[in-house]
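Chemist: Would you be able to build a 3D model of this:
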Amino acid sequence: MPPRPRFDRRAPVRELPNINDRINYPNLRVVDADGSQLGVITREAALAVAVDRELDLVLVSEKADPPVCRIMDYGKFKFEQEKKAKEAKKKSHQTEVKEVKMRYKIDSHDYQVRIGQALRFLKAGDKVKCTVIFRGREIQHTALAEQLLFRMAKDLEEMAEIQQSPKREGRNMIMFLTPRKQAVAKTGGGGASPKPKAEISKPEKTEARVIESRVQATAG
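Modeler: Modelled structure (predicted):
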């Protein structure tokens, strides 16, 4: 007895559509290409109608009694189905995790670039992994890295909320942001309420004049 192969190298069996000669039921309920009912007719008669229309006989309901077939352009039908499937796939966005990397000593320009990247990811519906990388002795400054990550969360609070607070992992510190379901209006100037205006005091020059006039009156 020959040894069994470790892997099945046979090509997968393709499921062929039940159309035309592959339909084996003797009697069929047939729907014409324009939607009109042709009633229950024999398989041969249904095939003859399809050939006369230069179309295909397609089995659409095998469980019905008798099975239901429709006369149509199967090639066009298949193309439209594949097109609809592609459009549905485009609309159904798969949430991904995109990463933004930086150092805790990042300068202002590079920081704004990272903010822009994170905004693009969030607008696309993806989560953002914010990573601060430590090199050498920089690992001692985890507090500064944590401060930077919270700053980023604050700057992105209109579009995102913190899913996981800053947490050290090895030589990195990470934070996860997730798209916010409803945008939050950001208060201007970092949320600080404006200070009330101070009362305007008399100019020092006027005060000096009053004192001078009093001195002159006393001298007189």
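
Chemist: longest strand in this structure, by residue count?
Modeler: Secondary structure of the chain per DSSP state E: the longest strand is strand 160-169.

Chemist: what pLDDT, on average, does whichever helix in the chain runs longest get?
Modeler: Across the chain, the longest stretch assigned as helix under DSSP state H is helix 74-91. The average pLDDT for helix 74-91 rounds to 85.

Chemist: could you show me where the helices are in the protein, in order?
Modeler: Per DSSP H, the chain carries helices over the ranges 43-53, 74-91, 108-123, 142-155, 204-219.

Chemist: Mind putting those helices into JSON lines with mean neighbour count and distance to Ser165?
Modeler: No exception for glycine: its C-beta is placed from N, CA and C like everyone else's. Output for those, formatted as JSON lines (neighbours: other C-beta atoms under 10 Å; distance: least, C-beta to C-beta, whole Å):
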{"stretch": "helix 43-53", "mean neighbour count": "16", "distance to Ser165": "66"}
{"stretch": "helix 74-91", "mean neighbour count": "11", "distance to Ser165": "33"}
{"stretch": "helix 108-123", "mean neighbour count": "14", "distance to Ser165": "16"}
{"stretch": "helix 142-155", "mean neighbour count": "17", "distance to Ser165": "8"}
{"stretch": "helix 204-219", "mean neighbour count": "9", "distance to Ser165": "52"}
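
Chemist: Using CSV, please lay out those together with distance to Arg180.
Modeler: CSV is the format used below for the helices of the chain (distance: least, C-beta to C-beta, whole Å):
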stretch, distance to Arg180
helix 43-53, 56
helix 74-91, 21
helix 108-123, 8
helix 142-155, 11
helix 204-219, 52
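
Chemist: Would you single out the least confident of these?
Modeler: helix 204-219 (a mean of 48).

Chemist: which ones are touching Ala118?
Modeler: Residues near Ala118 by C-beta atoms under 8 Å, 6 or more residues apart in numbering: 100, 128, 130, 152, 156, 160, 177.

Chemist: leaving aside the residues next to it on the chain, what's closest to the second one?
Modeler: Closest residue in space to Val128, ignoring its immediate chain neighbours: Leu177 at 4.4 Å, by C-beta to C-beta, 6 or more residues apart in numbering.

Chemist: Equivalent analysis for Lys98, please.
Modeler: With C-beta to C-beta, 6+ apart as the criterion, Lys98 has its nearest non-adjacent residue at 4.1 Å, and that residue is Phe121.

Chemist: Could you report the distance from Val113 to Asn20?
Modeler: Here the criterion is C-beta to C-beta, to the nearest Å. By it, Val113 lies 60 Å from Asn20.

Chemist: wait, which of the helices of the chain is closest to Arg168?
Modeler: Closest to Arg168 of the helices of the chain is helix 142-155 (C-beta to C-beta; 6.0 Å).
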